[in-house]
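Asks: Sequence first, then the predicted structure:
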Amino acid sequence: MAQENSSPAYLAELLSKVGLGDRAAFSSLYQATSAKLFGLALRILLRRDLAEEALQDAFVKIWHNAESFNPEKAAAMTWMTTIVRNRCLDVLRASPHEAQLAEEQSFDDWASEDLGPLAEITASTEAKALMNCMSHLAPLQRQTIAMSYFHGLAHEQLAQQLVQPLGTIKTWIRRGLQVLKNCLTTA
C-alpha cells in the first residue's frame, strides 16, 4: 500500500479495508485524505487547534463506522467530508464561545506561521477584510461559498457533497455574497 493515490476507486477500496479493521489501510487512507479534510475543517472552524481536534475526532469516527460505508450511495471522499463537516458543526454548536473566538482570530497569526504562498495572501489587506467578512457568515454558508469560489465546485456538486437541495445551495450562496458585499463595502 505504498501507493500514494487519491482516486475515488482507491479511496473506496481503502475504506472497505478499514471497515474490516485493516490498520495499514487506515494509515494509507489518512495519508491520502487528511490534508484535504484538514483544509475543510480549518475553513469551517477558522482555528488550527479546533480543526486538528475535529479532524482527529472525525478519523476516529471514520475508523468506527467504516463498515457502514456504501460505495453505491456516495464516493469515499464525500462520505468522509460529510463526517468532518458534521464534526466541525458539532464543535461550533457545542461551544458558542469557541465559535466567537474563531471569528475573532487574528489572521496575522496565520501569516506568521510558515505557510509559504498562503502567508503572502493572508497578509494582504484585501484577504484580511474578506476573511473577516467570511467569519460573519453562518458556518454552512461560509463553507458553501468557500467550496464554490475557492475550490471551483459547481452548485450541483455542492448540493451533492453537502446533501442539500440545489435551491438551498443557490440561496445560501446568493445571500452569503450579499452579506459579503455589504461587509466589504463598509469595511
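Replies: Happy to help now that I have it.
Asks: hey, let's count contacts and neighbours off CA atoms from now on
Replies: Noted.
Asks: helix/strand/coil for Pro71?
Replies: Three-state assignment for Pro71 (DSSP: H, G, I helix; E, B strand; the rest coil): coil.
Asks: For Ala12, see how far away it is.
Replies: 7 Å (CA to CA, to the nearest Å).
Asks: isn't Asp57 right up against Arg87?
Replies: Yes - Asp57 lies in contact with Arg87 (CA atoms under 8 Å); the separation is 7.4 Å.
Asks: Please identify which of the two sits among more neighbours.
Replies: Between Asp57 and Arg87, counted using other CA atoms under 10 Å, the more crowded position is Arg87 (21 against 16).
Asks: how about the more buried one, what does it touch?
Replies: Contact partners of Arg87, counting by CA atoms under 8 Å, 6 or more residues apart in numbering, are 54-55, 57-58.
Asks: quick revisit: quick one, which of Pro71 and Ala12 is more surrounded?
Replies: Between Pro71 and Ala12, counted using other CA under 10 Å, Ala12 has the larger neighbour count: 21 against 16.
Asks: Name the nearest residue to the more buried one, ignoring sequence neighbours.
Replies: Leaving aside its chain neighbours, Ala12 sits nearest to Ala76 (5.1 Å; criterion: CA to CA, 6 or more residues apart in numbering).
Asks: The one you found against Leu15, yeah?
Replies: Yes - counting by CA under 8 Å, Ala76 does reach Leu15; the two are 7.0 Å apart.
Asks: Find the residues that touch each one of those two.
Replies: With CA under 8 Å, 6+ apart, Ala76 and Leu15 have common neighbours Phe69.
Asks: Would you mind telling me which of these two has more residues around it?
Replies: Under the criterion of other CA under 10 Å, the comparison of Ala76 against Leu15 puts Leu15 first, with 29 against 24.
Asks: Can you tell me, leaving aside adjacent residues, what's nearest to that one?
Replies: Closest residue in space to Leu15, ignoring its immediate chain neighbours: Ala66 at 6.1 Å, by CA to CA, 6+ apart.
Asks: what pLDDT does that neighbour get?
Replies: Each residue has a pLDDT score; the one for Ala66 is 95.
Asks: who's in contact with it?
Replies: With contacts defined as CA under 8 Å, 6+ apart, the neighbours of Ala66 are 15-16, 18-19.
Asks: Okay, and which of those residues map to helices?
Replies: Of the positions in those, 15-16, 18-19 sit in helices, assigned by DSSP state H.
Asks: okay if I get those residues as TSV plus distance to Ala127 and pLDDT?
Replies: Output for the ones in helices among the contacts of Ala66, formatted as TSV (distance: CA to CA, whole Å; pLDDT from 0 to 100):
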residue	distance to Ala127	pLDDT
Leu15	37	95
Ser16	40	94
Val18	40	96
Gly19	41	94
